[in-house]
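Enquirer: got a predicted structure plus its sequence, pasted below:
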Amino acid sequence: MHIERLAGDGSFGKAPLEIATVFSKEMATTMTGDPPPFSASRLGRWCSSVFGMAFTGARMAGSSPPAWMFVAAGVGIVVVVSAALLFAVPSAPVPQPIAFNHLKHTEDLGLACEFCHKYVKTGAHAGLPDEQTCTMCHQSPQGTSEEAAKVTELLTAGEPIRFNKLFRLEPHVFYTHGRHVGIAELECTNCHGGIADTERPPKRALIEIDMDFCLDCHLERGESLDCVACHR
C-alpha cells in the first residue's frame, strides 16, 4: 500500500491530512479515471488504505489508534465495497482500425519497436504508426492476409490509419518514455507485457499500471519516491 510506504519514508512528513487527501483523490480517480479498469486488487488497496490511514495518522501523532478509528475504517470499507459493486464497470475495449499482428512484425520480420513507435527512446509518448510508416511496406499487397490487404486498400484510397492508445494516464501524472526507455533502458515488457508476441491487438492493456506498480519499480531500482518527480 503506497500511502503507508510513503508515510514511513517520511515523504508526507507529519501531515496526516495530506494522507487522507491523497487517499480520497486516489479512490475518486481510480473509480472515474480514463480508463481505470476495476479489479479486485485495486479494491483491496482501497480497503487497506482505510485501515492504513488510521494507523499512520495515529503513529504520526505519537499514540495508538483509538477505537473510533477502527469503526470509521470498517464503515469506510463497507461504503467503498458497496460503491464498487454498484457502479464499477470494466473499462471499455479499445478498438483498432487494423488487426495488427505484432508477432509477424517483431519476430518474423525482425522489426525493432522504434520502427513503428518512433519516439519510444526520446519522447514523452512512444508514438503510434501512421500511414506514412505503413506505406514503407504496404503500398503494394503483402502476403495473403486480409488485414494486410485492408492496409493497402486504405493507403491506396488515401484514408488515414489511426491506431488508438491502450494506456491513458491521468493529467496530473508526468511520465516520459525517453527517461524510462532511453535513459534507464527499461525493457518494453516491463510495462507492456508480451504485447510483441500478440497476433491480434488486445482490447485492453496487458498490464495494469497504477501507483503501486510504479512505486514497486522505483523501490526496486532505488529511484526517487518524491511526489513531484511524477506528479504535476
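Expert: That came in fine, so what should we check first?

Enquirer: low-scoring pLDDT stretches of this protein, where are they?
Expert: For the chain, the stretches with pLDDT under 70 are 1-91.

Enquirer: start to end distance for stretch 215-229?
Expert: End-to-end span of stretch 215-229 (CA to CA, to the nearest Å): 12 Å.

Enquirer: list the buried residues of it.
Expert: Within stretch 215-229, the residues scored as buried using 16 or more other CB atoms under 10 Å are 215, 225. Any C-beta I mention is one placed from the backbone N, CA and C, and that applies to glycine too.

Enquirer: residues contacting the residue nearest to Lys104 when sequence neighbours are not counted?
Expert: Sequence neighbours aside, Glu199 is the residue nearest to Lys104 in space, at 7.2 Å (criterion: CB to CB, 6 or more residues apart in numbering). Glu199 makes contact with 101-104, according to CB atoms under 8 Å, 6 or more residues apart in numbering.

Enquirer: give me the buried subset of these.
Expert: The buried subset of these - by 16+ other CB under 10 Å - is 101-102, 104.

Enquirer: now, which of those lie within strands?
Expert: Using DSSP state E, no member of the buried ones among the contacts of Glu199 falls in strands.

Enquirer: just those now: which is nearest Leu186?
Expert: In terms of CB to CB, no member of those lies closer to Leu186 than His102, at 18.5 Å.

Enquirer: just say helix, strand or coil for Cys191.
Expert: Secondary structure for Cys191, judged by DSSP: H, G, I helix; E, B strand; the rest coil, is helix.

Enquirer: my read is that it contacts Asp210, right?
Expert: No: using CB atoms under 8 Å, Cys191 is not in contact with Asp210; the gap is 11.5 Å.

Enquirer: what sits closest to Cys230 if chain neighbours are left out?
Expert: Closest to Cys230 by CB to CB, 6+ apart is Phe174, at 5.7 Å.

Enquirer: please look at that neighbour and Cys214 and confirm they touch.
Expert: No: the pair Phe174 and Cys214 does not pass the contact test of CB under 8 Å, sitting 11.3 Å apart.

Enquirer: these two: who's more crowded?
Expert: Cys214 (17 against 13; other CB atoms under 10 Å).

Enquirer: which SSE is immediately downstream of whichever helix or strand the more buried one is part of?
Expert: Using DSSP states H and E, Cys214 sits in helix 211-221. Per DSSP H and E, helix 211-221 leads on to helix 227-230 as the next helix or strand towards the C-terminus.

Enquirer: check contacts around the residue nearest to Glu114 when sequence neighbours are not counted.
Expert: Nearest non-adjacent residue to Glu114, counting by CB to CB, 6+ apart: Val120, 5.1 Å away. Val120 makes contact with 113-114, 126-127, 177, 181-182, 188, according to CB under 8 Å, 6+ apart.

Enquirer: closest to Cys227 among the residues you listed?
Expert: Nearest to Cys227 out of the contacts of Val120 is His177 (CB to CB; 21.1 Å).

Enquirer: for stretch 224-232, measure first residue to last.
Expert: 15 Å.

Enquirer: apologies, that question was intended for stretch 200-207.
Expert: Stretch 200-207 end-to-end distance (CA to CA) = 16 Å.

Enquirer: and it, what's buried?
Expert: Quick answer for stretch 200-207 (16+ other CB under 10 Å): 201-202, 205, 207.

Enquirer: in CSV: the residues you listed, plus distance to Glu131.
Expert: Converted to CSV, the buried residues of stretch 200-207 look like this (distance: CB to CB, whole Å):
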residue, distance to Glu131
Pro201, 17
Pro202, 22
Ala205, 24
Ile207, 29
